[in-house]
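Trainee: Just need the structure, nothing else, for what follows:
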Amino acid sequence: MALNPEFVGRAYPPGPAYLVGREKVREFATAIGDDNPVFHDPAAAAALGYTDVVAPPTFAVMIAMKASGVVVQDPELGLDYTRVVHGEQRFEYARPIVAGDELVVSVSIEAIRSMAGNDMVTTRGDVSTVAGEHVVTTTSLLVSRAPEAE
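Mentor: Have a look, this model is predicted:
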């Protein structure tokens, strides 16, 4: 089923706030194999002027992907999530994410298109602190693969 093109521009309200934990940052950095001390050691982060450990740049994907669930679960959009692959991800930072940040994400649909029978939806996540400070904008491309010919 083709995606509903009328959804371009649709915005979804922020979901619950996400509190960035020091151990989550450390676990993420370890999982991606990054041993940069600023991601693990509060003293190393403090030496660079941060209040706590800094999250690796791709950490924002965890928060943004969870928030984009409102898009993929919207039945009116027509996205078959069983056929979805993650096509692309971009980040534009205003400042790094730091342990202790309490973040919310507002998600919107930037584009919908079809190519070779595949449906593609581009979402934007504006990540801010609960106080309203912009932290990062994420852009994600989801591809719903065309059904295989029988």
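Trainee: Quick check: which element contains Val121?
Mentor: Following DSSP states H and E, one finds Val121 within strand 118-129.
Trainee: Ser140 too?
Mentor: Short version: Ser140 belongs to strand 134-144, going by DSSP H and E.
Trainee: Just want the angle from that strand to strand 118-129.
Mentor: Orientation check (axes from the mean of the first three to the mean of the last three CA atoms, to 10 degrees): strand 134-144 against strand 118-129 gives 160 degrees.
Trainee: Would you indicate which residues of strand 134-144 are buried?
Mentor: Buried residues in strand 134-144, counted by 16 or more other CB atoms under 10 Å: 135-144. Any C-beta I mention is one placed from the backbone N, CA and C, and that applies to glycine too.
Trainee: which one among those residues gets closest to Glu92?
Mentor: Nearest to Glu92, judged by CB to CB, of these is Thr137 at 4.6 Å.
Trainee: now the closest one: how far from Pro42?
Mentor: Look at Thr137 and Pro42: by CB to CB, to the nearest Å, they are 27 Å apart.
Trainee: Could you do Tyr93 as well?
Mentor: Distance from Tyr93 to Pro42, by CB to CB: 21 Å.
Trainee: ditto for Met120
Mentor: For Met120, the distance to Pro42 - CB to CB - is 41 Å.
Trainee: before we move on, what about Thr122?
Mentor: 37 Å.
Trainee: can you check Val98 too?
Mentor: 10 Å.
Trainee: Can you pull the residues that touch both of the two?
Mentor: 52-53 (CB atoms under 8 Å, 6 or more residues apart in numbering).
Trainee: which SS state does Leu77 fall under?
Mentor: Counting by DSSP: H, G, I helix; E, B strand; the rest coil, the backbone at Leu77 sits in coil.
Trainee: The longest strand seen in the chain - which strands sit beside it in the sheet, and in what orientation?
Mentor: Across the chain, the longest stretch assigned as strand under DSSP state E is strand 102-115. Sheet pairing of strand 102-115 (DSSP bridges) gives strand 11-12 (antiparallel), strand 18-19 (antiparallel), strand 118-129 (antiparallel).
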